[in-house]
Structures are given as structure tokens and as C-alpha cells.
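Participant: Here is my input, please return the structure:
(one chain, ligands or ions: 2)
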Amino acid sequence: MINFAHRGASSDYPENTILSLKEGIKSGAKGLEIDVHKSKDNKLVVIHDEDIERTFMGRGLVKDFTLAELKSFKNRKKLFRDNEECRIPTLKEVLDLIKDKDILLNIELKTDIIPYPNIEEDVINLINEYKLEDKIILSSFNHESIKKVKAISKIKTGILYKKPIKDVVQYAKSLGVDAIHPDLILVSEKLIKEAHENNLMVNIYTVNIPFFMRLLIANNVDGAFTDYPELLNEILQENNI
Ligand code: G3P
Ligand code: CA
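Facilitator: Residues are numbered from 1 along each chain as shown. Ligands and ions are numbered 1, 2, ... in the order given. Purely as a prediction, here's the structure:
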């Protein structure tokens with residue numbers, strides 16, 4: 001099972017920062033998960049929310065700031081406020097971090113609330129520029145974004161969902177995606193089996209409790225997004241995975 005450090009090693013370090021991603025890699029995770037938005041000057045930036053306020057010392061929407069402005073905000077986590085690796089990273093900086101490493105990067109396109117113009121094309125062009133197509137999986141709660149990705153590239157894709165989707169396996173197949181990315185509460189043994197029978201990977205979020213980590217391993221789940229990659233790594237090692 002691929003251990004995806006969700007927003008990096010985000011239980012211990014500020015989420016979606018270079019520091020958190022580096023620590024995710026150090027923890028033994030073979031995957032990283034990040035969220036991507038666009039700045040006012042069309043730069044691809046890595047942050048979870050549309051608004052910077054929860055995680056940075058500022059207020060306003062990502063889309064209303066230039067990259068230089070976004071870079072000026074300090075991290076809200078007190079202990080990391082003066083750490084330069086805890087500013088808002090660009091997608092480019094993250095690709096630079098993983099390009100020579102054995103890491104699978106899940107880039108979530110955060111287009112479900114604000115539809116950033118051409119974000120799909122821009123992300124794909126950058127991945128192509130870095131020749132990292134085989135090390136990326138693109139996902140989104142906005143399945144229209146995934147359709148756009150499918151129309152212009154062969155990069156692996158996954159559909160995120162937090163509410164039940166009727167016949168989700170058939171739906172995923174109709175979209176031609178590689179994976180389903182359900183919320184943990186929507187997962188059953190039957191769903192995992194059915195997805196696998198239909199050659200779909202199952203990557204589940206957000207798995208922070210050891211009981212569920214062990215249960216998903218026992219059910220041959222393909223990947224789990226966790227804020228505790230070190231813990232999941234320990235549990236995977238128990239199972240010699
Ligand atoms: O990609 C899995 C997970 O990150 C989706 O939810 O809200 O943490 O971005 P969220
Ligand atoms: Ca995410």
C-alpha cells in the first residue's frame with residue numbers, strides 16, 4: 001500500500017509546505033499529497049484552502065494575491081513562523097523536490113470552489129516540462145477537471161468523493177480514470193473488491209487511526225492518505241510491506 005503523506009507530514013509540520021513534504025519523505029512515505037490553486041498572476045501554488053487565513057498570517061483569497069504577495073505571508077504555526085521552508089510553495093518547487101526521488105505525487109486540483117482558468121493545462125504542461133508524467137496522479141473533487149485532464153494527457157487520474165456516488169465503479173470506468181479516492185467513511189470491503197475487479201486502484205483519505213490503517217492493509221487497498229506518515233510506515237513495516 002502506498003503511504004501518501006497528506007499535505008506532507010502534516011500532523012507534525014505546517015501542511016502543504018516544503019518542510020512538511022521533506023519530512024513526509026523522511027518518514028518513509030512513498031507518496032505525497034498536495035493541493036494546488038492559482039495566484040492572481042497565474043502561478044500554480046500549493047495550499048489547501050481558497051483563503052490563506054487558516055494557515056498563514058494574512059487574509060484573503062489565493063486568487064487575489066500575486067505570487068510575490070503570497071510568498072510574503074508567514075506561516076500561522078508559531079513554531080514555524082520564521083522558517084523559510086514554511087511559506088506557500090509553488091508547484092514548481094514541489095516538482096524540484098521530488099524529481100530525483102522515488103516518490104509518487106498526488107496533485108489535487110482544488111477547482112471545486114473556485115474554477116481557476118486553465119489550471120488543468122498549466123499543471124499538465126509543467127509536469128510534461130519536468131518529464132514527471134509517470135510519478136504523478138491527478139485528482140479532484142471536481143470531476144469536470146478530471147475530464148479536462150483526460151482529454152489532454154495520459155497522466156494517471158483519480159476521482160475524489162465525500163458523498164456516496166451511485167455505482168461508483170461503473171461511473172469511474174465511464175470517466176476512464178485509474179483510481180477512486182473515497183473518504184474513509186464510504187469504504188467497504190465490497191467496494192474495494194469491485195474496484196479491483198475492474199482494474200481501478202483505491203486510494204483512501206484521510207486515514208489517521210491505526211485500526212483503519214491495519215484494516216485497509218488487510219483489504220489490499222492501494223494507497224492511503226495520512227497526516228501520520230511515520231505511524232503508517234511503522235504499521236506497513238509490521239506487515240513487511
Ligand atoms: O486527496 C485526499 C484529500 O486530501 C482530500 O481532501 O480536504 O484534505 O483536500 P482534503
Ligand atoms: Ca487534498
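
Participant: burial of Leu184, as a residue count?
Facilitator: 16 (other C-beta atoms under 10 Å). Just so you know, the C-beta spots here come from the backbone N, C-alpha and C atoms, and that holds for glycine as well.

Participant: list the contacts for it?
Facilitator: 204-207, 212 (C-beta atoms under 8 Å, 6 or more residues apart in numbering).

Participant: swap in Asp64?
Facilitator: Lys40.

Participant: just wondering, since we're on it, how far is it from Asp82?
Facilitator: 25 Å (C-beta to C-beta, to the nearest Å).

Participant: Pull the number of nearby residues for Ala179.
Facilitator: By other C-beta under 10 Å, neighbour count at Ala179 equals 21.

Participant: May I ask which of the contacts of Leu184 has the most neighbours?
Facilitator: Val207 (27 neighbours).

Participant: Pull out the buried residues from stretch 71-86.
Facilitator: Neighbour counts over stretch 71-86 (16 or more other C-beta atoms under 10 Å) mark 71, 73-77, 80, 83, 85-86 as buried.

Participant: among these, which are in reach of ligand 2?
Facilitator: Among those, none lies close to ligand 2 by the criterion of C-beta under 5 Å from the ion.

Participant: Which pair of these spans the longest distance?
Facilitator: Lys71 and Lys77 (16.9 Å; C-beta to C-beta).

Participant: how much space is there between Leu104 and Leu19?
Facilitator: Distance from Leu104 to Leu19, by C-beta to C-beta: 20 Å.

Participant: Can you tell me which residue is spatially central in the chain?
Facilitator: Glu33 (2.9 Å; C-alpha atoms, centre = their mean).

Participant: pLDDT score for Ile241?
Facilitator: Model confidence at Ile241, given as pLDDT, is 73.

Participant: got the contact list for it?
Facilitator: 1, 217.

Participant: Not counting its neighbours along the chain, what's nearest whichever residue of the chain sits closest to ligand 1?
Facilitator: Closest residue of the chain to ligand 1, C-beta to the nearest ligand atom: Tyr205 (3.6 Å). Taking C-beta to C-beta, 6 or more residues apart in numbering, and ignoring the residues beside it in sequence, Tyr205 has Phe225 as its nearest neighbour in space, at 4.0 Å.

Participant: doesn't Val207 make contact with that neighbour?
Facilitator: Yes. Assessed by C-beta atoms under 8 Å, Phe225 is found in contact with Val207 at 6.6 Å.

Participant: still on that earlier bit, near ligand 1, which of the buried residues of stretch 71-86 show up?
Facilitator: With the criterion set as C-beta under 6 Å from any ligand atom, no member of the buried residues of stretch 71-86 is near ligand 1.
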